[in-house]
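S.K.: how would this look folded up:
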Amino acid sequence: VLVHAFPDASIPVVQLAINANEPAEYHLRLGAKLAPLRERGVLVVGSGNIVHNLAGMDPTKPEGGFAWAERFDDAAHEQLIHSPADVLTLEAHPDYAAAGPTPDHFIPMLYFAGLAGAAADSTRSVDAMVSGYTYG
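M.R.: Predicted structure coming up:
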């Protein structure tokens, strides 16, 4: 994905692995520990689909989303923009279980939310580059 933004490969990339044996709080704290990197000018990018329910896909909705998917995605977006350190409140959202029946797409967001919540300069917080819905 980064080859499109940095075709000359001029920036180093480090990928984080998910330890699914750890609770959500662990991942949020780990993200917060990355904040000093941002203060040193390191670009931090998070990617993925916060709403990711393959069992609920509907091929008749190639460019649309289910109401529950849009509600959860909107709630996650608002949480990340306005209060990323409190992102774990999303686990109580009524659409949480449907939006991510497995944690593999929720956990990466926790690293990013932890970093954004711990950033010293709150004016440089979270920005969504791409959004939308496909197959429900």
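S.K.: low-confidence ranges in the chain?
M.R.: By pLDDT under 70, the low-scoring segments of the chain are 120-127, 129.
S.K.: Enumerate the positions of stretch 93-110 that are buried.
M.R.: By neighbour count on 16 or more other C-beta atoms under 10 Å, the buried set for stretch 93-110 is 93, 95-96, 98-100, 105-110. Every residue, glycine included, has its C-beta placed from N, CA and C.
S.K.: What separation do you get for the most centrally placed residue in the chain and residue 20?
M.R.: For the chain, residue 109 is the residue whose C-alpha lies nearest the centre (C-alpha atoms, centre = their mean; 2.9 Å). Distance of residue 109 to residue 20, given as C-beta to C-beta, to the nearest Å: 14 Å.
S.K.: swap in residue 48?
M.R.: Applying C-beta to C-beta, the value for residue 48 to residue 20 is 15 Å.
S.K.: what does stretch 57-67 rub up against?
M.R.: 51, 56, 73, 132-136 (C-beta atoms under 8 Å, 6 or more residues apart in numbering).
S.K.: can you redo the residues you listed as TSV with neighbour count, secondary structure and distance to residue 37?
M.R.: TSV is the format used below for these (neighbours: other C-beta atoms under 10 Å; DSSP: H, G, I helix; E, B strand; the rest coil; distance: C-beta to C-beta, whole Å):
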residue	neighbour count	secondary structure	distance to residue 37
51	23	coil	28
56	15	helix	36
73	20	helix	27
132	8	coil	29
133	16	coil	32
134	12	coil	32
135	17	coil	35
136	19	coil	36
